[in-house]
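# Need a 3D model of the sequence below.
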Amino acid sequence: MKELLKDLERRMVGAVDAFKSELMTLRTGRASLALLDGVTVDYYGTPTPINQVAALSVPEPATIVIAPWEPKMLGEIERALLRSNLGITPTNDGKVVRLNIPALTEERRKELVKVAHNYAEQARNAVRQIRRDGNDHVKKMEKAKEISEDEMRHGLDEIQKLTDAYIGKVNELLEHKEKEILEI
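Numbering: from 1, shown residues only. Below you'll find the model as predicted:
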């Protein structure tokens, strides 16, 4: 039973971590290198993460500077940024690519909050699915007479406590991100 609970908790931690990663990709009006996490550049025919072909920096709160290690990669980096759906147009000065993060409008902030809520619902559903898998496993163990009915009830209670804790973490992260997006 303990191994099952540890496995379920590990999977729930994974769901919450995936949610955190998704939240980091949401633009909040401040420059963050996390915005570029999903961007891949065509590096001699191989899709390569942008941080492996260029130095990334945030010299100002609203600017990201991308300095490629090979000057001929400037065009590829610019194309990759345009394809990435960041909603930011890169500027190329011949040596580096700059991303100027525009201030968010109220409408865009509300859209980002909706996206964050969708990510949160996906994370909560993932946690609930893990709970469902755990409950099914515990019930099968009881049917197979591997555990008693009391142990089954105790196991189901423990799984529910884990689920409540991780859904609480998702809600807490969502609340924090929502405040971050809406603050002016």
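# Could you give the average pLDDT over the lengthiest helix in the chain?
In terms of residue count, the longest helix belonging to the chain (DSSP state H) is helix 106-143. The average pLDDT for helix 106-143 rounds to 92.
# Now find how far off-centre that helix is within its chain.
Averaged C-alpha coordinates place helix 106-143 at 14 Å from its chain's average position (Cα atoms, centre = their mean, to the nearest Å).
# on contacts alone, who are the packing partners of that helix?
Identification of packing neighbours for helix 106-143 by 3 or more Cβ pairs under 8 Å, 6 or more residues apart in numbering; DSSP states H and E yields helix 2-24, helix 149-182. Every residue, glycine included, has its C-beta placed from N, CA and C.
# Sketch out the low-pLDDT regions of this structure for me.
Applying pLDDT under 70 to the chain flags the ranges 27-29, 184.
# how is this structure carved up into domains?
Listed by automatic domain parsing, the domain ranges of the chain are 2-25+105-182, 33-100.
# Reformat the ones you listed into TSV and put mean neighbour count next to each item.
Formatted as TSV, those follow (neighbours: other Cβ atoms under 10 Å):
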stretch	mean neighbour count
domain 2-25+105-182	16
domain 33-100	15
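# Can you pull the phi/psi pair for the closest residue to residue 56 other than its chain neighbours?
Leaving aside its chain neighbours, residue 56 sits nearest to residue 33 (5.2 Å; criterion: Cβ to Cβ, 6 or more residues apart in numbering). Here is the backbone geometry of residue 33 (degrees, to the nearest 10): phi -70, psi -20.
# what do you get for residue 89?
The phi and psi values for residue 89, taken as degrees, to the nearest 10, are phi -90, psi 120.
# Residue numbering should commence at 54 henceforth.
Noted, 54 is the first residue going forward, which turns the last one into residue 142.
# quick one: it and residue 151 touch, right?
No - Residue 142 lies out of contact with residue 151 (Cβ atoms under 8 Å); the separation is 10.1 Å.
# if we can go back for a sec, now tabulate the helices and strands packed on helix 159-196 in CSV and tack on distance to residue 112.
CSV is the format used below for the helices and strands packed on helix 159-196 (distance: least, Cβ to Cβ, whole Å):
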stretch, distance to residue 112
helix 55-77, 20
helix 202-235, 21
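# Of all those helices, which one comes closest to residue 93?
Nearest of those to residue 93, taken as Cβ to Cβ: helix 55-77 at 15.7 Å.
# who's in contact with the closest one?
Helix 55-77 has contacts (Cβ atoms under 8 Å, 6 or more residues apart in numbering) with 85, 87, 90, 169, 172-173, 175-176, 179-180, 183-184, 186-187, 190-191, 208, 211-212, 215-216, 219, 222-223, 226-227, 230.
# other SSEs contacting the helix or strand just after it?
For helix 55-77, the succeeding helix or strand toward the C-terminus, using DSSP states H and E, is strand 93-96. In terms of contacts (3+ Cβ pairs under 8 Å, 6+ apart), strand 93-96 is packed against strand 99-102, helix 127-136.
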